[in-house]
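Student: sequence first, predicted coordinates after that:
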Amino acid sequence: MIAAPHPAFVLHSRPYKETSALVDFLTREGRLCAVLRGARGKAGTLARPFVPLELELRGRSELKNVTRLESAGIPPLLGGLALFSGLYLNELLIRLLPAQDPHPQLFDHYAATLAALAAGRALEPLLRAFEWRLLSDLGYGFALDRDCHGQPVDPLGLYRWLPDLGFEPVCQLQPGLFHGRELLALAEADWTVPGALAAAKRLMRQALAPHLGGRPLVSRELFINRKESHRD
C-alpha cells in the first residue's frame with residue numbers, strides 16, 4: 001500500500017472498462033500501473049504525459065487504484081521534435097523499466113531532461129545522455145574508456161562493441177566500428193569531437209537492442225518521420 005503522496009509523471013494511459021483508465025506512472029519508487037477512475041472527467045485531464053503530478057495510490061496488489069491526482073507544477077511545453085523526443089523517453093521507460101523497481105535518480109534525470117527539452121536544448125545530446133543513464137541504472141552500463149580486456153582505449157585505435165563484453169580492439173576496417181577518440185569523447189560527454197554524436201547514437205542503438213526484445217520502438221519511427229518532414 002502507498003498512502004503518502006508521491007511526485008509522478010504519466011508515461012502512458014489506455015481506456016479501462018467504461019469510464020476508467022489504466023495508467024503507467026513514473027515515480028521515484030519506480031514504474032507503477034494503477035487504475036484511474038473517472039478518467040473522462042477532471043482527473044483525465046491530468047493523466048497526460050509530461051505533467052508534474054502529486055499521486056496517491058491504494059492497494060496491495062501490483063495493480064493499484066489512484067485515490068488522489070493533483071498537478072504539482074507547470075508542465076513543460078513540448079512541441080515538434082521535442083514532443084516526439086519526450087514520447088521516445090516514455091516508451092523506453094515503459095519497455096525497459098521493471099515495475100515497482102525504485103530508481104529515484106532516474107526520475108530526477110527524466111524531469112530535468114523534460115525541462116531541457118522544453119528550453120530548446122539540442123536534442124541529440126539530451127537523448128544520448130538519458131539512454132546512457134537508463135542503461136546504467138538498470139545495470140547494463142559499460143566502460144567507455146577501457147576495452148573488454150581492461151586496457152585503456154587507444155584514441156587512434158578501432159573497436160567493435162560486443163554485448164555483455166564491451167569494446168574489442170580490431171585491426172581491420174569493418175562496418176559499425178568505433179574510433180577510440182570517439183569513445184573517449186563519449187566518456188567525457190564531449191560533443192565537440194567530430195563524429196562523437198553520430199557514434200553515440202549508433203552505440204546506444206546497439207546497446208539498447210538486446211533489451212528491447214526485437215520489437216521496434218513506435219516513437220523512434222515517429223521521431224524519424226517527423227525529423228525528415230521537418231527537414232523538408
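Tutor: Great, that's in hand.
Student: who's Phe25 bridged to?
Tutor: Beta bridges link Phe25 to Val10, Leu32 when assigned by DSSP bridges.
Student: from Trp161, how far off is it?
Tutor: As judged by Cβ to Cβ, to the nearest Å, Phe25 and Trp161 stand 33 Å apart. Placement of C-beta: from N, CA and C, glycine included.
Student: correct me, but Leu11 touches Pro49?
Tutor: Yes. With contacts counted by Cβ atoms under 8 Å, Leu11 reaches Pro49, the gap being 6.8 Å.
Student: more neighbours, the two?
Tutor: With neighbours defined as other Cβ atoms under 10 Å, Leu11 and Pro49 compare such that Leu11 has more, 23 against 18.
Student: residues in contact with Ala21?
Tutor: By Cβ atoms under 8 Å, 6 or more residues apart in numbering, the residues touching Ala21 are Ser13, Arg14, Pro15, Val35, Leu36, Ala39, Gly44, Ala47.
Student: quick one: it is in a strand?
Tutor: Yes. Assigned with DSSP: H, G, I helix; E, B strand; the rest coil, Ala21 falls within a strand.
Student: gap between it and Thr45?
Tutor: Taking Cβ to Cβ, one finds Ala21 at 12 Å from Thr45.
Student: just to revisit the earlier point, shared neighbours, Leu11 and Pro49?
Tutor: Common contacts of Leu11 and Pro49, defined by Cβ under 8 Å, 6+ apart, comprise Asn90.
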